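Visitor: Sequence first, then the predicted structure, then my questions.
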Amino acid sequence: MALAPLAALVRKDLQIFFTDRRAVVLTLAIPIAIASFFGSLFGGFGDREVAKVAVAMVNQDGGSLSKRLIAATAADKSLAVTETPLEEARAAVQSGRTAVAVVIPPGFGDTAVRGFIAQGEKANLELLTDPSKSAEVSLVKGVLTGHLMEAVTQDAFSGPESRRLLDEGLKSLETSGMPAEQRDLLRRIMESSQALQRSQEASGGQARGLTIPFEVKETVVTGNPLLKYNGYAHSFAGMGIQFALMAAIELAAGILLERERGLWKRLRSAPLSRSTLLLARAISGTVITTMTLLVSFAFAWIVFKAPIGNLAGFLAVAIASAFMAATFGLFVAAIGKTPAATRRAAIFVVLVMVMLGGAWVPTFIFPAWLQQFTWLVPVRWAVDGFDAMTWRGLAFSDVLVPVGLLLGFGVLCFAAAMWRFRWEEA
Amino acid sequence: MLAVRDLRKSYGRVVAVDGASFSVEPGQLVGLLGPNGAGKSTTVAMIAGLVTPDSGAVTIGGKPLSGDTDPQKRLIGLVPQDLALYEELPAAANLRLFGSLYGLTGRPLEDAIGSALLLVGLAERAGDRVKTFSGGMKRRLNLAAGLLHDPQILLLDEPTVGVDPQSRNAIFENLEFLKSRGKALLYTTHYMEEAERLADRIVVMDHGRVLADDTLAGLRERAGRDAGPGASLESLFLAMTGRTLRD
């Protein structure tokens, strides 16, 4: 392969790219702007305060248990609790201002304690929920369960109602028809509870309910203890790949436009191999896209402190991703007819690839059947590779597989482009 | 210099070129005429190596063209009908690219660029972007790009479409100069007066076949008394190809 013509073709593409300075600035600025926005959504610097979930509490019971329940939930750092009347709470959920309204019905406290001790009718707690906020609803349910168990068991082991219920329970035990051995064991539990109540009342102490018997200690795990999660590093990876693929579409449209303008007749009439003509485009596309990715990440590094855990691995992922995008553009040009039609179809394909690749939202929110397909999407390999070499702080060897897959995909696209390209220029 | 022998090309059931044969000698300009769809452009594309013939042969100096990288392609210069130029780049940068594709580098490349721009009257605009050029200037630069590597054979596919009389005349003078230097020129056009002025021989094609291959005087002689001794090329052309409108 003659290197001088190859170099001339690559130089030409770079010259054309840098000719339009406004386009160059936009090419660099747009992914940076969008990635910055998404980065702030994905957790930003990783140490920001988590937003509280808005919860409205409607207390129709008015007893001590319900008051303690409301006080406990209000003290929870993950919830923003307001106590409101029912209609106001319903309106707040309807309008989306509040994720959940908890309605504590009249008699809730008594019924709940009775149900706990005597296995009677269960108390009802009504939740009014915003259907678009299922994640917040799940969180509120979990927090509410913990506080409710503590409040109910606190009443179950102390207070006049508890004493009355234990007395009733002991009387009814004799006529329960229960086997004698089990009846004796249950009587001893109830009598122990009565003794505990008397002891607490004599000492003037406050009974404690059942609490969750553990605390969660959260330790962030990365490959490098000095690195911490940075949402910007993740979003610049996703958006960087998205715009690399968008640039690939422009590369494809440019090739088709050159064909319409007769330029490919002149190129094909020269004594050059077909592979030289396409390889030149692959190289120039790779160089331009790599440069765009590096400028974007440099911005993220300087402004948002997005870490580069392994520079060599990062460069390998950037170059492999750029090669993948450039050859994808060649393939699009090979199967495209006109620039306009090709652009429309290719944008759809790229958006699907980017979505499945997890560039917009994490892939774990996808249905299980869809998640298995995300491993087939090169965007996923690129984003995983960038994550590994930035905030995850993994070793160079950890990106060999993603880099290999990206390069392999690129080679496949190049081969398909060589095969499908319309070489005849009548 | 350039010989086309029994060239055939079909696209599905449509026969574009059906056994075309003719030749172009050094210092000769052959006009290739024909109505729309006659097969002229496909013939030129096969000679330039852009389209692979179904059968037949194109030979350069007696040797057949073989493959994309055949060094003999350096002997051919193509001036396509389209303005095949990168409008975002300056004129000299365009020529630098096209010269590089033919293996020119360094001083010889810069000399060739200077000579080609001088020939077409664009030396003063070498550093200007092509998109700032008029239609006539672009046509002249299109010609310069085709002859930059000093080919022995120049294929010109309607090189004067849409240019003003001044630029057209300048292109004619360029072609006459190239002919005087021994180049072999194949020139397709719809303008009969251009062929009358420039062509040493005229090849008339229609429906993919060569209907005539002769000098203007020879064509008149073949047309006989019906055409008359002073018959225009246009009347001879219409007599051969008919007056039916073509798509």
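Guide: On my side now, so go ahead.

Visitor: Could you give the number of residues near the closest residue to B:Glu25 other than its chain neighbours?
Guide: Excluding its sequence neighbours, the residue lying closest to B:Glu25 (Cβ to Cβ, 6 or more residues apart in numbering or on different chains) is B:Met1, at 5.7 Å. Where you see a C-beta, it was placed from the backbone N, CA and C, and this is true even at glycine. By the criterion of other Cβ atoms under 10 Å in any protein chain shown, B:Met1 has 18 neighbours.

Visitor: for B:Ser115, same thing?
Guide: Based on other Cβ under 10 Å, the number of other residues close to B:Ser115 is 15.

Visitor: any idea how far B:Leu175 is from it?
Guide: 16 Å (Cβ to Cβ, to the nearest Å).

Visitor: So the residue nearest to B:Glu25 sits against B:Leu29, correct?
Guide: No: at 12.0 Å, B:Met1 does not count as touching B:Leu29 under the criterion of Cβ atoms under 8 Å.

Visitor: What are the buried residues along the helix or strand containing A:Trp369?
Guide: Taking DSSP states H and E as the definition, A:Trp369 sits inside helix A:368-374. Within helix A:368-374, the residues scored as buried using 16 or more other Cβ atoms under 10 Å in any protein chain shown are A:Thr374.

Visitor: Show the subsequent helix or strand relative to it.
Guide: Next along from helix A:368-374, by DSSP H and E: helix A:378-389.

Visitor: got the residue ranges for the helices in chain B?
Guide: Secondary structure of chain B (DSSP state H): helices at B:40-48, B:91-101, B:106-119, B:135-147, B:165-180, B:192-198, B:216-223, B:233-241.

Visitor: let me fix that: the stretch 51-200 of chain A
Guide: For the stretch 51-200 of chain A, helices defined by DSSP state H, counting those that start in this stretch occupy the ranges A:64-75, A:86-94, A:108-118, A:134-156, A:160-173, A:180-203.

Visitor: can you tell me which of these comes nearest to A:Phe297?
Guide: Between A:Phe297 and these, the tightest spacing by Cβ to Cβ is seen for helix A:134-156, at 30.4 Å.

Visitor: for that closest one, packing partners?
Guide: Using 3 or more Cβ pairs under 8 Å, 6 or more residues apart in numbering or on different chains; DSSP states H and E as the contact test, the elements touching helix A:134-156 are strand A:53-59, helix A:64-75, strand A:100-104, helix A:108-118, strand A:126-129, helix A:160-173.

Visitor: hmm, back to that, next, format the helices of chain B as a markdown table and append mean pLDDT.
Guide: Below are the helices of chain B laid out as a markdown table (pLDDT from 0 to 100):
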| stretch | mean pLDDT |
| --- | --- |
| helix B:40-48 | 93 |
| helix B:91-101 | 96 |
| helix B:106-119 | 94 |
| helix B:135-147 | 93 |
| helix B:165-180 | 89 |
| helix B:192-198 | 89 |
| helix B:216-223 | 82 |
| helix B:233-241 | 80 |
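
Visitor: any idea how far stretch B:78-88 is from the chain center?
Guide: With Cα atoms, centre = their mean, to the nearest Å as the basis, stretch B:78-88 stands 13 Å off its chain's centre.

Visitor: and that stretch, which residues are buried?
Guide: B:Leu78, B:Val79, B:Pro80, B:Gln81, B:Asp82, B:Leu83, B:Ala84, B:Leu85, B:Tyr86, B:Glu88.

Visitor: List the residues that contact A:Asn224.
Guide: Contact analysis of A:Asn224 by Cβ atoms under 8 Å, 6 or more residues apart in numbering or on different chains lists A:Gly309, A:Gly393.

Visitor: for the closest residue to chain A within chain B, what are its contacts?
Guide: Residue of chain B nearest chain A, by Cβ to the nearest Cβ: B:Asp82 (2.6 Å). Contacts of B:Asp82 were listed using Cβ under 8 Å, 6+ apart, and they are A:Arg261, A:Gly262, A:Leu263, A:Lys265.

Visitor: For the third one, which non-adjacent residue is spatially closest?
Guide: Nearest-residue entry for A:Leu263: B:Ala84, 4.8 Å, with adjacent residues in sequence omitted and distances by Cβ to Cβ, 6+ apart.

Visitor: For that neighbour, grab phi and psi.
Guide: The phi/psi pair for B:Ala84 (degrees, to the nearest 10) reads phi -80, psi 70.

Visitor: From A:Arg274, how far out is the residue lying closest to B:Arg139 once chain neighbours are set aside?
Guide: In space, B:Arg139 comes closest to B:Val163 once its chain neighbours are excluded; the distance is 4.7 Å by Cβ to Cβ, 6+ apart. Computed with Cβ to Cβ, the distance linking B:Val163 and A:Arg274 is 33 Å.

Visitor: Now the closest residue to A:Ala35 other than its chain neighbours: which helix or strand?
Guide: Excluding the flanking residues, the one nearest A:Ala35 by Cβ to Cβ, 6+ apart is A:Met239, at 3.7 Å. A:Met239 is part of helix A:231-260, with elements assigned from DSSP H and E.

Visitor: residues in contact with the next helix or strand after that helix?
Guide: Sequence order places helix A:263-269 as the next helix or strand after helix A:231-260, per DSSP H and E. Helix A:263-269 is contacted from outside by A:9, A:255, A:258, A:277, A:423, A:425, B:45, B:48-50, B:68, B:73, B:76, B:78, B:80, B:82, B:84-86, B:98, B:101, B:145-146, using Cβ under 8 Å, 6+ apart.

Visitor: Could I have the buried ones of those as ChimeraX selection syntax?
Guide: Per 16+ other Cβ under 10 Å, the buried members of these correspond to this ChimeraX selection:
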select /A:9,255,258,277,425 /B:45,48,49,50,68,73,76,78,80,82,84,85,86,98,101,145,146
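
Visitor: Get me the contact residues on chain B for chain A.
Guide: Within reach of chain A by Cβ under 8 Å from any Cβ of the partner chain, chain B has these residues: B:11, B:16, B:41-42, B:45, B:48-52, B:68-71, B:73-74, B:76, B:78, B:80-86, B:88-89, B:93, B:96-98, B:100-103, B:105, B:129, B:145-146.

Visitor: switch to 7 Å and redo it
Guide: Those residues of chain B that sit near chain A, judged by Cβ under 7 Å from any Cβ of the partner chain, are B:41-42, B:45, B:48-52, B:68-71, B:73-74, B:76, B:78, B:80-82, B:84, B:86, B:88-89, B:93, B:97-98, B:100-103, B:105, B:145.

Visitor: Report the buried residues of the helix holding A:Met239.
Guide: Counting neighbours by 16+ other Cβ under 10 Å, one finds that the buried residues in helix A:231-260 are A:231-256, A:258-259.

Visitor: the inter-axis angle of it versus helix A:378-389?
Guide: 140 degrees (axes from the mean of the first three to the mean of the last three Cα atoms, to 10 degrees).

Visitor: how close does the closest residue to B:Pro151 other than its chain neighbours get to B:Asn169?
Guide: Nearest non-adjacent residue to B:Pro151, counting by Cβ to Cβ, 6+ apart: B:Gly77, 3.5 Å away. Distance of B:Gly77 to B:Asn169, computed by Cβ to Cβ: 21 Å.

Visitor: These two - which one has more neighbours?
Guide: B:Gly77 (27 against 12).

Visitor: pLDDT wise, what is that one at?
Guide: Looking at B:Gly77, its pLDDT reads 94.

Visitor: beta partners of it?
Guide: Legend: beta-bridge partners of B:Gly77 under DSSP bridges are B:Leu154.

Visitor: Tell me who's in contact with it.
Guide: B:Gly146, B:Leu147, B:His149, B:Pro151, B:Ile153, B:Leu154, B:Leu155 (Cβ atoms under 7 Å, 6 or more residues apart in numbering or on different chains).
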